[in-house]
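Engineer: The sequence isn't on hand, but the structure is:
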């Protein structure tokens, strides 16, 4: 069915257990060979815009990616491991290690049993991540671990596969009532990492749109993975660089989508966990979340990351599958509501303090001054005392009013953000997005 050169990259979200300066692997992405050159960090950086390259690879002073190749033959759930990468997502905030999110990228060889092997690598069919998985612990080399919550609910990896059909006349994996080519059906089967005997798409519904890469190969992006499939006829481009492109810059496009999704999900969880009973604590937390959101929007949230077309299309398709545009709008709107609510509580506190000063403070100052006039001849001292009391009351009142105005401006700013986010960027859903938008399961 498939040629022996099928490969895949498995993206596993992990939790860092070491600081960046302690990681002992080679810096940068895996420099796999592409003809006479290597996909080094410098070469990949020429493919992406600087802002995207900085997120994917970091800088010399602040690296974000490392790689290694196994010294001895290694496997992961039955697939031969070619290389391992470790990626730091600094846009997910946490105490201690600063980042609560990192990724292991496992580059593997699939052989010819593509669909069955992919299903194992994706943890399909009731499998769950095991935090004590021996293969994973060995490959991670102590830099990270699977999140503890992996024990309590099933998670899938993100798979990115490249394969070629041996014969275009082979029967398609599904029976479809609509006119769907065998290649499109196999693309769906590989992108979903689910064997055809486990899941059959609705035969009356169109499959998700494909990304055209050349005359003889196409790509498809689903919720839990992507697949790139070539026809059996000769194609110089397909034979020479297709596999390397998939395992380098196309994987990086999917990785950017994962980083965006995890950062926005972290923001949503942080907003939901704000202490609603303590207004002062909530204001501090909301201020930190505002800085976090600004960091994500400035440094991570992009749907145009290269002047080459395919990577942009792949990233946009991933965003459409996970509805990250909608998630961003919800995060901004919810944050604006929270800021406005707790700003209202702060306004009430400010008004109460102003009332205390107006009703109690100033009359007391006046009373003391009058008493001094009555009981002594120090008229000048009494006048100074009265003047100082009035000035103190005015200064405190102005200070509180300035704080009131600042809170109000902050609330209004985030309310405006929430109203304009919908128009901030047009939806990037690919053509035909009304088709099936999720993987099975």
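Structural biologist: Nice, thanks for sending it over. Keep in mind that this is a model prediction, so the values were computed, not measured.

Engineer: Enumerate every residue touching the closest residue to residue 40 other than its chain neighbours.
Structural biologist: Using CB to CB, 6 or more residues apart in numbering and skipping the chain neighbours, the partner closest in space to residue 40 is residue 31 (4.4 Å). All C-beta spots, glycine's among them, are computed from the backbone N, C-alpha and C. Shown in contact with residue 31 (CB atoms under 8 Å, 6 or more residues apart in numbering): 38, 39, 40, 41, 67.

Engineer: now residue 31, what's its secondary structure?
Structural biologist: Following DSSP: H, G, I helix; E, B strand; the rest coil, residue 31 is assigned to coil.

Engineer: From residue 200, how far out is the residue positioned nearest the centre of the chain?
Structural biologist: With distances taken as CA atoms, centre = their mean, residue 260 lies nearest the centre of the chain, 2.3 Å away. Using CB to CB, to the nearest Å, residue 260 is found at 31 Å from residue 200.

Engineer: for residue 159, same thing?
Structural biologist: Here the distance between residue 159 and residue 200 works out to 19 Å (CB to CB).

Engineer: now swap in residue 120 and tell me
Structural biologist: 20 Å.

Engineer: where in the stretch 151-300 of the chain is pLDDT low?
Structural biologist: Along the stretch 151-300 of the chain, the model assigns pLDDT under 70 to residues 151-155, 168-169, 234, 236-239.

Engineer: can you give me the strands in it?
Structural biologist: Remark: strands assigned in the stretch 151-300 of the chain by DSSP state E, counting those that start in this stretch are 158-164, 211-212, 217-221, 225-230.

Engineer: quick one: residue 101 and residue 113, what's the gap?
Structural biologist: From residue 101 over to residue 113 the distance is 32 Å, taken as CB to CB.

Engineer: Those two: who's more crowded?
Structural biologist: residue 101 (23 against 14; other CB atoms under 10 Å).

Engineer: so what pLDDT did the more buried one get?
Structural biologist: As predicted, residue 101 sits at a pLDDT of 82.

Engineer: distance of it from residue 228?
Structural biologist: 26 Å.

Engineer: Next: residue 195.
Structural biologist: For residue 195, the distance to residue 228 (CB to CB) stands at 19 Å.

Engineer: that older thread, would JSON lines of the strands of the stretch 151-300 of the chain with mean neighbour count and distance to residue 26 be doable?
Structural biologist: Formatted as JSON lines, the strands of the stretch 151-300 of the chain follow (neighbours: other CB atoms under 10 Å; distance: least, CB to CB, whole Å):
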{"stretch": "strand 158-164", "mean neighbour count": "27", "distance to residue 26": "22"}
{"stretch": "strand 211-212", "mean neighbour count": "17", "distance to residue 26": "31"}
{"stretch": "strand 217-221", "mean neighbour count": "24", "distance to residue 26": "29"}
{"stretch": "strand 225-230", "mean neighbour count": "28", "distance to residue 26": "26"}
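
Engineer: Looking at these, spot the one closest to residue 142.
Structural biologist: Taking CB to CB, strand 158-164 is the member of these nearest to residue 142, at 23.0 Å.

Engineer: what's the angle between the closest one and strand 217-221?
Structural biologist: Angle, strand 158-164 to strand 217-221, by axes from the mean of the first three to the mean of the last three CA atoms, to 10 degrees: 160 degrees.

Engineer: strand partners of strand 158-164, parallel vs antiparallel please.
Structural biologist: Here strand 158-164 has these sheet partners by DSSP bridges: strand 6-16 (antiparallel), strand 225-230 (parallel).
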